[in-house]
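Colleague: sequence unavailable; structure follows:
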C-alpha cells in the first residue's frame, strides 16, 4: 500500500506547451519513489494515451458540470477509491516537486490530528522536456534560485490531507478559482490544523498561458468561478495561505507565530470559523473592512436592480 496517493485532473494535451509541462510533471511524480501512487483523472484529449505511455493509473469516468468541466467532488471521490493510503494529495498537473516533499509526507504520517497542508509555489518558465536522470533535483533547485519567483499567498496548487478529511465537497469546477480557497476555509471551520509548508516543500509551477480556457480568459473571470464562490458559501469563505494555523519548518510542525495583522485577522474570522455563523462572519468583515463591505452591498443591490429591470 502506498503512503501517498497523488492525484490530478490534467488539461487537454493538445496544446504543445501544455503537453510538454504536463509530461514533465508526470515524469517528476514518478521519480518520487514507491511510496507514491499517481492517479490521473479525466477524459480530456490525450490523457488516456499519455497515461498508457507512462504506465499510470487512469480513471476517465469523472462527473462534469453542464459545460463539461470535471467536478472536484468527483475527482476526490475517485482518488479516494483506488487504495487505502493514509494520505491523499491533489495537485495541479503543471507542478513539479523536489524530493523534500516525501520528507514532509513521512513527518505528516506521525500527526494524529486531522490537517490540511498547503504552501506557496515557485513560478518558472519551462519550455522544454526536463531530464530527470541522476542529479535532476540539484539542477532544478539551481534553476529555482536563479530564475524562479515565489508566488503570492492566494493560489494553492496542492493539498495534502488524511483520507478521513474532505469526504464531502461541493460540486466545484476544477481549474476555476474559489475552490482552493474553500479548502482552507473548510479546514479552519472544522478546527483542523492548516499547515503552511512553504519552508519544507519546494514546488515549481511551470508557467503557461490561458489559451486552453474559453476565450483565453483567465479563470478568475469565468462564470464558473462565480459559481464556485457561490457554492463555497460566498466571499467570506475565500481564505488564503496566511490563514494557516501552523507551519512546517526544519522538520518541526509548530503553531504559526502571531503578528498584529494575523491577530486581528483571527478576531475578524472568529465568529465565522469558531461560532459557525455566516451572519456574524459578515458583520466581522464589515467592521474591519467598512469600505469593501459597502462596495459589496452596493454591487449586490445594483445586480438585483438590473435583474429585476430585465425581468420587467
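Modeller: Cool, got the structure. Everything numeric here is computed off the predicted structure, so don't read it as measured data.
Colleague: for the stretch 151-300 of the chain, give me the ranges with low pLDDT.
Modeller: For the stretch 151-300 of the chain, the stretches with pLDDT under 70 are 209-222, 299-300.
Colleague: what sits closest to residue 200 if chain neighbours are left out?
Modeller: Nearest residue to residue 200, sequence neighbours excluded (CB to CB, 6 or more residues apart in numbering): residue 248, at 4.5 Å. C-betas here are computed from N, CA, C, even on glycine.
Colleague: surely the one you found is within a helix?
Modeller: No. With DSSP: H, G, I helix; E, B strand; the rest coil as the criterion, residue 248 is strand rather than part of a helix.
Colleague: I'd guessed it sits against residue 106; true?
Modeller: No. At 11.9 Å, residue 248 and residue 106 do not qualify as touching, with contact defined as CB atoms under 8 Å.
Colleague: helices along the stretch 101-250 of the chain, start to end?
Modeller: Ranges of helices in the stretch 101-250 of the chain, per DSSP state H, counting those that start in this stretch, are 136-147, 179-189, 223-232.
Colleague: count the residues that sit near the residue nearest to residue 200.
Modeller: 25 (other CB atoms under 10 Å).
Colleague: next, give phi and psi for residue 168.
Modeller: phi -130, psi 120 (degrees, to the nearest 10).
Colleague: who are the contact partners of it?
Modeller: residue 73 (CB atoms under 8 Å, 6 or more residues apart in numbering).
Colleague: kindly report the same for residue 29.
Modeller: 6, 36, 38, 97 are the contacts of residue 29 under CB under 8 Å, 6+ apart.
Colleague: quick one: classify the third one as helix, strand or coil.
Modeller: Spelled out, that is residue 38. strand.
Colleague: tell me, how many neighbours does it end up with?
Modeller: Using other CB under 10 Å, the number of residues around residue 38 comes to 24.
Colleague: likewise for residue 296?
Modeller: Count around residue 296 with other CB under 10 Å applied: 16.
Colleague: in a strand, it, correct?
Modeller: No. Residue state for residue 296 (three-state DSSP) corresponds to helix; a strand is not indicated.
Colleague: I figured it hits residue 236, correct?
Modeller: No. Assessed by CB under 8 Å, residue 296 is found out of contact with residue 236, at 10.0 Å.
Colleague: hang on, the earlier thing: nearest to residue 91 among the contacts of residue 29?
Modeller: Of all the contacts of residue 29, residue 6 has the smallest distance to residue 91: 6.4 Å, by CB to CB.
Colleague: what are the bridge partners for the closest one, then?
Modeller: When bridges are called by DSSP bridges, residue 6 pairs up with residue 38, residue 89.
Colleague: correct me if wrong: it contacts residue 40.
Modeller: No. Counting by CB under 8 Å, residue 6 does not reach residue 40; the two are 9.7 Å apart.
Colleague: what about the contacts of residue 29, which one has the most neighbours?
Modeller: Counting by other CB under 10 Å, top hit in the contacts of residue 29: residue 6 with 26 neighbours.
Colleague: mind listing what that residue touches?
Modeller: Contacts of residue 6 by CB under 8 Å, 6+ apart are 29, 32, 36-39, 89, 91.
Colleague: ok, those vs residue 16, which is closest?
Modeller: For the contacts of residue 6, the nearest to residue 16 is residue 29 (21.0 Å; CB to CB).
Colleague: relative to residue 125, how far out is that closest one?
Modeller: 21 Å (CB to CB, to the nearest Å).
Colleague: now residue 293
Modeller: 39 Å.
Colleague: which phi and psi does residue 51 have?
Modeller: phi -60, psi -40.
Colleague: what about the strands in the chain?
Modeller: Per DSSP state E, the chain carries strands over the ranges 4-8, 36-41, 57-59, 87-91, 95-97, 115-118, 122-124, 149-150, 158-162, 193-196, 203-206, 246-249, 252-255.
Colleague: and the gap between residue 6 and residue 143?
Modeller: Distance from residue 6 to residue 143, by CB to CB: 22 Å.
Colleague: same question but for residue 224, I mixed them up
Modeller: From residue 224 to residue 143 the distance is 33 Å (CB to CB).
Colleague: compare the two (neighbour count), which wins?
Modeller: The neighbour count for residue 224 versus residue 143, taken as other CB under 10 Å, is higher for residue 224 (21 against 15).
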